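1. Dropping the sequence and predicted coords here.
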Amino acid sequence: MLSVSLLMACGNSYEEQKRISRAEQRRLAKEDSLALKVAVMPTLDCLPVYIMKDYQLYDTAKLDLRLRAFASQMDCDTAIMRNRVEGTVSDLVRANKMMKKGIALRYFSATNSYWQLIANRTARIKQLNQLGDKMVAMTRFSATDYLTDRALDTVKTKARVFRIQINSVNIRLHMLLNNEMDAMWLTEPQATRARLMGHNIIADSRKMNAQLGVFVFRESSIRDARRQQQLKAFTEGYNAACDSINKNGVQAYSELIKKYMKADEKTVKALPKMDFKHVNSPLQSDINKVKDF
């Protein structure tokens with residue numbers, strides 16, 4: 001009888017634990033659904049968001065901010081297209097592509113992203129016209145794809161240039177460092193690491209008069225009053241983070257850059273001075289440039 005009683009008690013305890021566990025899962029799922037979720041990458045254009053999250057530069061009573069870190073822009077886009085996040089870092093080319101698929105997006109803010117086409121020093125490429133029969137790493141239907149077109153339109157190569165889709169920004173960098181790719185488009189801080197290793201810059205998006213970095217939110221995810229309040233708090237925190245970076249410099253946040261972007265100390269120290277602007281809409285002229293791409 002004692003054994004039976006003990007078994008019954010254990011059974012009740014197990015069922016009770018399962019019931020509590022299910023209730024806890026439902027509670028956590030509800031909290032997550034109500035939170036503002038933003039997809040980010042290991043790139044410097046996301047630094048204001050990392051800062052505002054780690055330093056809580058926003059009203060936590062109005063905003064529960066949750067970051068979803070991805071290795072590539074394609075993964076960020078998939079997350080917003082499947083309603084796993086409300087917002088994401090992106091570029092105008094990718095955003096335009098998503099909108100053509102019927103995803104209504106709101107341009108939240110332009111970012112200060114720029115991309116450099118960096119050639120492997122072992123390939124002895126000094127100029128764009130030497131890219132014939134070479135491999136260039138980029139992401140299809142993105143800023144890097146668009147910039148490849150723009151760059152190659154200015155020169156004539158002796159042979160075809162092979163575009164190789166490498167979506168993860170850090171894998172792309174490692175392929176350069178391991179001499180597995182002839183050239184590639186990189187943004188910061190990956191571009192600084194490549195420059196420090198002696199690889200050659202042969203094109204720069206800043207010289208092409210195209211500011212393509214952008215943060216977007218999915219319209220259907222931010223329509224109600226509660227979401228609008230969250231977006232207002234997010235804007236205030238984002239602007240405060242930009243002010244802090246501009247005042248103290250990116251190196252003041254070296255630990256965050258190393259933590260989220262896997263950059264080493266030498267790379268962080270060599271990062272160029274960058275100006276981070278408050279939330280501002282992308283220029284219509286930049287939007288128009290990529291409409292037909």
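-> Now that the structure is in, tell me what you want to look at.

2. switch to C-alpha atoms for all contacts and neighbour counts from now on
-> Fine.

3. that's a strand at residue 217, yeah?
-> Yes - assignment of residue 217 by DSSP: H, G, I helix; E, B strand; the rest coil places it within a strand.

4. Would you mind measuring from it to residue 253?
-> Computed with CA to CA, to the nearest Å, the distance linking residue 217 and residue 253 is 26 Å.

5. With residue 99 instead?
-> 34 Å.

6. Which one's more surrounded, those two?
-> Per other CA atoms under 10 Å, whichever of residue 99 and residue 253 has more neighbours is residue 253, with 17 against 14.

7. Angles on the backbone of the more buried one, please.
-> Here is the backbone geometry of residue 253 (degrees, to the nearest 10): phi -110, psi 40.

8. Tell me which stretches of the chain form helices.
-> 2-34, 47-54, 73-81, 92-100, 143-152, 169-177, 190-196, 225-248, 254-261, 265-270, 284-289 (DSSP state H).

9. between the ones you listed, which gets nearest to residue 60?
-> helix 225-248 (8.6 Å; CA to CA).

10. other SSEs contacting that closest one?
-> helix 47-54 (3 or more CA pairs under 8 Å, 6 or more residues apart in numbering; DSSP states H and E).

11. Which parts of the helix it packs on count as buried, going by neighbours?
-> For helix 47-54, burial by neighbour count (16 or more other CA atoms under 10 Å) applies to 47, 48, 49, 50, 51, 52, 53.

12. List the beta-bridge partners for the spatially closest residue to the last one that is not a sequence neighbour.
-> With CA to CA, 6 or more residues apart in numbering as the criterion, residue 53 has its nearest non-adjacent residue at 7.0 Å, and that residue is residue 65. On the basis of DSSP bridges, residue 65 takes part in beta bridges with residue 36.

13. surely residue 80 meets residue 94?
-> No - using CA atoms under 8 Å, residue 80 is not in contact with residue 94, being 11.8 Å away.

14. Contacts only, for residue 215.
-> Neighbour list for residue 215: 87, 88, 89, 90, 91, 107, 108, 109, 110, 111 [criterion: CA atoms under 8 Å, 6 or more residues apart in numbering].

15. Look up the closest residue to the second one, ignoring the ones flanking it.
-> I take that to be residue 88. Among residues not flanking residue 88 along the chain, residue 39 sits closest, at 4.5 Å (CA to CA, 6+ apart).

16. just checking, that neighbour touches residue 81?
-> No - here residue 39 does not reach residue 81: they are 11.4 Å apart, not a contact under CA under 8 Å.

17. And these two? Which one has more around it.
-> residue 39 (25 against 20).

18. what residues are up against the more buried one?
-> Neighbours of residue 39 in contact, by CA under 8 Å, 6+ apart: 67, 68, 69, 70, 76, 79, 80, 85, 87, 88, 89.

19. and if you look at residue 37?
-> 65, 66, 67, 68, 84, 85, 86, 87.

20. and the fourth one, what pLDDT?
-> To tie it back to what came earlier, the one meant is residue 68. In the prediction, the pLDDT value recorded for residue 68 is 98.

21. Would you list the phi and psi of the residue nearest the centre of the chain?
-> In the chain, the residue lying closest to the centroid (CA atoms, centre = their mean) is residue 41, at 3.3 Å. Backbone torsions of residue 41, given as degrees, to the nearest 10, read phi -130, psi 170.

22. what's the nearest residue to it if we skip its chain neighbours?
-> residue 70 (5.3 Å).

23. unless I'm mixing things up, the one you found is touching residue 38, no?
-> No - shown here, residue 70 and residue 38 do not form a contact pair, counting by CA under 8 Å, at 10.5 Å.

24. okay, those two: which has more neighbours?
-> residue 38 (23 against 16).

25. Roughly how far does the more buried one sit from residue 64?
-> The value you get for residue 38 to residue 64, if CA to CA is used, is 11 Å.

26. Same check on residue 145?
-> If you measure residue 145 against residue 64 using CA to CA, the figure is 35 Å.

27. ditto for residue 125
-> In terms of CA to CA, residue 125 sits 48 Å off from residue 64.

28. Helix or strand with the lowest mean pLDDT in the chain?
-> When each helix and strand of the chain is scored by mean pLDDT, DSSP states H and E, helix 2-34 comes last, with a mean of 69.

29. Quick one: residues contacting the residue nearest to residue 35 when sequence neighbours are not counted.
-> Of all residues not flanking residue 35 in the chain, residue 64 sits nearest, at 5.0 Å (CA to CA, 6+ apart). The contact partners of residue 64, by CA under 8 Å, 6+ apart, come to 35, 36, 230.
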